[in-house]
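Colleague: I'd like to go over a predicted model; first the sequence, then the structure.
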Amino acid sequence: MGRRGPTFRIWRTIPLPSGGVASLVQVTARQVGFMGGADRESFFNAVKRSGLEPCSDEVAPALSENYTNQPRGEIL
């Protein structure tokens, strides 16, 4: 029996210029095992161990282009 990790809900799926798609999730420190926060390196290492990977360079401009109803003041 393997260790069962956290389940992440897909926040948004966007088309990429390369023809693929990116499924984006929002992840909190608590979801990957930190109860009181974490430094950036520890957080990203825990996220990778959970089976996720960082976005490619083409995701930011594609998100900007496709997320037309971004609430005022929201920071991604």
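Modeller: Perfect, I can see it now. Remember, it's a predicted structure, so these values are computed and weren't measured experimentally.

Colleague: what ranges does the chain have for its strands?
Modeller: Under the criterion DSSP state E, strands of the chain are mapped to 10-15, 21-25.

Colleague: pick the most deeply packed of these.
Modeller: Most buried of the strands of the chain, by mean neighbour count (mean count of other C-beta atoms under 10 Å): strand 21-25, with a mean of 14. (C-beta placed from N, C-alpha, C; glycine too.)

Colleague: so which elements touch that strand?
Modeller: strand 10-15, helix 59-66 (3 or more C-beta pairs under 8 Å, 6 or more residues apart in numbering; DSSP states H and E).

Colleague: ok, residue 49 to residue 6 distance?
Modeller: To residue 6, residue 49 is 10 Å away according to C-beta to C-beta, to the nearest Å.

Colleague: common neighbours of those two, please.
Modeller: Both residue 49 and residue 6 are contacted by residue 32, under the criterion C-beta atoms under 8 Å, 6 or more residues apart in numbering.

Colleague: and those two? Which one has more around it.
Modeller: Per other C-beta atoms under 10 Å, whichever of residue 49 and residue 6 has more neighbours is residue 6, with 15 against 11.

Colleague: surely that one meets residue 28?
Modeller: No: using C-beta atoms under 8 Å, residue 6 is not in contact with residue 28, being 9.6 Å away.

Colleague: endpoints of stretch 22-40, how far apart?
Modeller: Terminal residues of stretch 22-40 are spaced 22 Å apart (C-alpha to C-alpha, to the nearest Å).

Colleague: please tell me how far that stretch is from the chain's geometric centre.
Modeller: 9 Å (C-alpha atoms, centre = their mean, to the nearest Å).

Colleague: and for that stretch, what's in contact with it?
Modeller: Where contact means C-beta under 8 Å, 6+ apart, the residues beyond stretch 22-40 that reach it are 6, 8-14, 16, 42-43, 46-47, 49-50, 52, 55-56, 59, 62-63.
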